[in-house]
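S.K.: Next input, structure requested:
(2 chains)
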Amino acid sequence: MSLIGQLALALALVLAAYSIIANVVGARASIPSLTSSARHALWAMCAMVTVAVGALLTSLLHSDFSLEYVASYTSYSLPTIYKITALWGGQQGSLLFWTWLLTIFTSIVAFQNRRRNLEIAPYALAVLAGLAIFFLGMLNFVTRPFDLLAVIPNDGQDLNPLLQNYWMAIHPPSLYTGYVSASVPFAFGAAALMAGRLDDSWIRSTRRWAIFSWFFLTLGNMFGARWAYEVLGWGGYWAWDPVENAAFMPWLVMTAYLHSVMIQERKDMLKVWNLVLIGMAFGLTLFGTFITRSGVISSVHSFTQSGLGPYFLTFLITVTVLYTGLLLSRVKQLRTPAEFESYLSREAAFLFNNLVLVGIAFAVFWGTLFPVLSEAVRGVKITVGPPFFDKVNAPLALALIFLMGVGPLIAWRRSSFDSLAKTFAAPALFGITTGGCAFIAGLREWYVLTALSLAAFVIGTIVVEFRRGVSARRHMVAESVPAAMVNLIAKNNRRYGGYVIHLGVVLAFTGIVASAFFKTEVKKSVKQGDTFQVGAYDLEYLGLETSETPHVETVRARVEVRLNGKPIAMMEPAKLFYKRLQQPATAVAIRSTPAADLYVVLAGIDDQSGLATFQVFLTPLVFWLWAGGLIMALGTVIVMWPNVRERAVIAAAVRAPAPFEDDVQAVPGGD
Amino acid sequence: MKRLLKLRTSTAALIIVACACALAIPIVIAAAPTVSVQEVSEGLTCQCGCGLTVANCNHPNCEFSVPVRDQIAGMLGRGMSGAQVIAYFRGKYGEKILSAPTTQGFNLLAWVMPFAAIAAGGALVAFTVGRWRSSSSAPSSPGSPVSGANASVENFDPELRRRLERELSDRI
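M.R.: This next block holds a predicted model:
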């Protein structure tokens, strides 16, 4: 398997190099057979990397400890599912997995553009192949997944217990998919600059890729937060850890990009800015990889620290310099006469939305790197943790939520104060009433009151928009309200899917604010049969149960939860002991309801006194963070779903392929 | 005159953005009183190597965060304020134990820079938009979508009207 894997990776590298040359020469000299050959080379490259992935997976599943990677990250007793997830559990495997995704996406792009975008697609494919060369170079020469051990051990070292969790089975693949698919719009942006094709065809051609990337970045961040919530056992889900920040920043910039491109599609403005944004989004994905693997900044998520930092940093700088140079060389041609009439317009709202999103991304970037800067300047490595990020980002988040309510309802070009008053009266009243009610109910934290009011305002704007659309449909076509709602979304999925995403963001934001401000914690050491109170709940410790598998020993506490004297749940927090690694871990018990999560940790057991120590968190509304994430995902699926008109456009494109026909036309005025 | 008005609007927007940012700085750097063990321990970084705060350390039975949390509970129980507790630990372990930069000297840069950058970005947006507005064409012609607000649908060109109806039925 080692030989097959090594050979496949070496061939993939050669094919990637050939594809760059053939794509560029073929495009410059207009030799279709050469660009066609380059495409085939890319498909072959993908096949070779697939073979390498297959070889490593086979070795992992067969516990072939002659491979250093398999011996380092698995053991005989490791459950099969984690033998598979060990593929991305270590340094070399995760790089191979990343490369595999990149080559798959490159192959899809090559297939999609085999008969269209003929002017820029070869350059875009050359860029993607260039990225693949870096990763394949690392896998062939620097961090090799198929290295053999001189002495084969009897058993492997096992996978880090923190990674032996089902969220870890889906969190890294989601995040990597988000990271890697951002390469596609970036490659097309760079290709547009190289080819001098500076209209918005590159944006339209990659709109779905950008949304696809955003979708998986959203899921990746959500799954990571959920993993932290369930595995780390501190009752929270986000610690502003450098690796979390590194995943959050591309999401922010990609969000800004998805809003900003609407202005270019609609008004042919912001061409330079959109190219800057996609460059930043892609650069930040590389930065995230650098942070995770370099060990420059310590992180709870860095399971794969190594000496790869300098390589990634050099690559990041090289890509940044080349892209910036390319962009600067085209700045004059990218300038177009801008039409902008009023600050009271959707364009202005989107510009300020971009300002805030990129501002938050900068604040996170700055806070993440400040310890390194401090050490360089003062010689003191300080920590920049949650208090900094919470305080800096809190007011910016409010501004963003406000703009989220204003942006979709304000008119393009310009609005009058009268029309604004008419449009926003009901949502504003709803927001103010919500805040007022919360105040009367005894809420005094100004931030929470403002956040609640703004969240209600945004929900109000979404309801107003749906109501307006449904009544317009019912006016024109006699149908029931549910049918009108479904047809409204189906006919204009991009616009109404966007509103669903906004609803998800607002719900998630509400969950974050409530859980940050009102989380309560109780720590109690109790004997069997004792009861203690957490909020309105009574918790009775009933005793311990032990169990054992060849892999792990488990000590489970049984805790009965009662509300008003009635038993409502049996919770079983546990302590785990991983035999092979001789490492303890915690398994929390969570009872989740829309009102609050009861989160129980078995913090300690004293065999002598018989005392068990429980750490219990009562976190209000955190349920809505996860529900909001799901709704955001649902909204994104709606946005990406091809509708009838789009299918017609695609069919027309297939019938009459033209060099720059879009794969999916933007819906004019759709957003 | 219109040019002057546009300039004034740009300037006003600029000033508003700047003032908002200036006002935000003292608000965000003002230290909130800390009262609970959770809040105080979020102000301290765990020294076990996890890279998290004392409140969030994920190591079961951590040799640093577990006793420090108990120590904080004891100190708060004796009537010490959150700031006093944090000052005690800072005196004992140095600046590295703080989970956020101080607001003095070089560290102030950490707090100011994000808002300065956003203020600069806001100024750039206001300046650019001001230029765009100046260079935009004169008031819309009577047939343009904006000034056409007063026009009734009946006055539309029949072909335009048919197109509008087609688009409407297609879109909603």
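S.K.: If I look at residue A:161, what pLDDT would I see?
M.R.: Per-residue pLDDT puts residue A:161 at 85.
S.K.: How about residue A:91?
M.R.: 86.
S.K.: Same question for residue A:671.
M.R.: 35.
S.K.: Next: residue A:232.
M.R.: 84.
S.K.: Need phi/psi at the residue lying closest to it once chain neighbours are set aside.
M.R.: In this structure, residue A:232 finds its nearest non-sequential neighbour in residue B:58, 3.9 Å apart by CB to CB, 6 or more residues apart in numbering or on different chains. Every C-beta, even on glycine, is put in place using the N, C-alpha and C of the backbone. Note on residue B:58: its backbone torsions stand at phi -100, psi 10 [degrees, to the nearest 10].
S.K.: what's near enough to touch residue B:58?
M.R.: Taking CB atoms under 8 Å, 6 or more residues apart in numbering or on different chains as the contact definition, residue B:58 lies against A:162, A:231, A:232, A:233, A:234, A:300, B:50, B:52.
S.K.: Let me know the closest of those to residue A:184.
M.R.: Set against residue A:184, the nearest of the contacts of residue B:58 by CB to CB is residue A:300 (30.6 Å).
S.K.: Turn the contacts of residue B:58 into a markdown table, including distance to residue A:617 and secondary structure.
M.R.: Listed next are the contacts of residue B:58 as a markdown table, based on distance: CB to CB, whole Å; DSSP: H, G, I helix; E, B strand; the rest coil:
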| residue | distance to residue A:617 | secondary structure |
| --- | --- | --- |
| A:162 | 19 | helix |
| A:231 | 15 | helix |
| A:232 | 12 | coil |
| A:233 | 10 | coil |
| A:234 | 8 | coil |
| A:300 | 18 | coil |
| B:50 | 19 | coil |
| B:52 | 16 | coil |
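S.K.: among these, who's most crowded?
M.R.: Ranked by the number of neighbours (other CB atoms under 10 Å in any protein chain shown), those place residue B:52 first, at 29 neighbours.
S.K.: okay, it: pLDDT?
M.R.: Residue B:52 is assigned 82 on the pLDDT scale.
S.K.: ditto for residue B:7
M.R.: Note for residue B:7: predicted pLDDT of 46.
S.K.: I'd like the average pLDDT over stretch B:58-68.
M.R.: 82.
S.K.: So for that stretch, first residue to last residue, what's the gap.
M.R.: 14 Å (CA to CA, to the nearest Å).
S.K.: Sort out which residues of that stretch are buried, please.
M.R.: B:58, B:59, B:60, B:62, B:64, B:65, B:66, B:68 (16 or more other CB atoms under 10 Å in any protein chain shown).
S.K.: Go through those residues and flag which are in helices.
M.R.: In helices, defined here by DSSP state H, the members of the buried residues of stretch B:58-68 are B:65, B:66, B:68.
S.K.: wait, which of the residues you listed is closest to residue A:435?
M.R.: residue B:65 (37.4 Å).
S.K.: That closest one reaches residue B:42, doesn't it?
M.R.: No. With contact defined as CB atoms under 8 Å, residue B:65 does not count as touching residue B:42 (11.3 Å).
S.K.: list residues touching both of the two?
M.R.: B:54, B:55.
S.K.: Let me see the confidence value for the residue most central in space within chain A.
M.R.: Per CA atoms, centre = their mean, the C-alpha nearest to the average position across chain A is that of residue A:217, at 1.8 Å. We note a pLDDT of 96 for residue A:217 in this prediction.
S.K.: tell me which element it is part of?
M.R.: Following DSSP states H and E, one finds residue A:217 within helix A:207-231.
S.K.: mind listing what's buried in that helix?
M.R.: Buried residues in helix A:207-231 (16+ other CB under 10 Å): A:207-231.
S.K.: near chain B, which of those residues show up?
M.R.: Counting by CB under 8 Å from any CB of the partner chain, residue A:231 from those sit close to chain B.
S.K.: Spell out the residue ranges of the strands in chain A.
M.R.: With DSSP state E as the criterion, chain A has strands at A:520-526, A:531-534, A:537-548, A:552-563, A:566-571, A:574-578, A:583-587, A:589-592, A:596-606, A:611-620.
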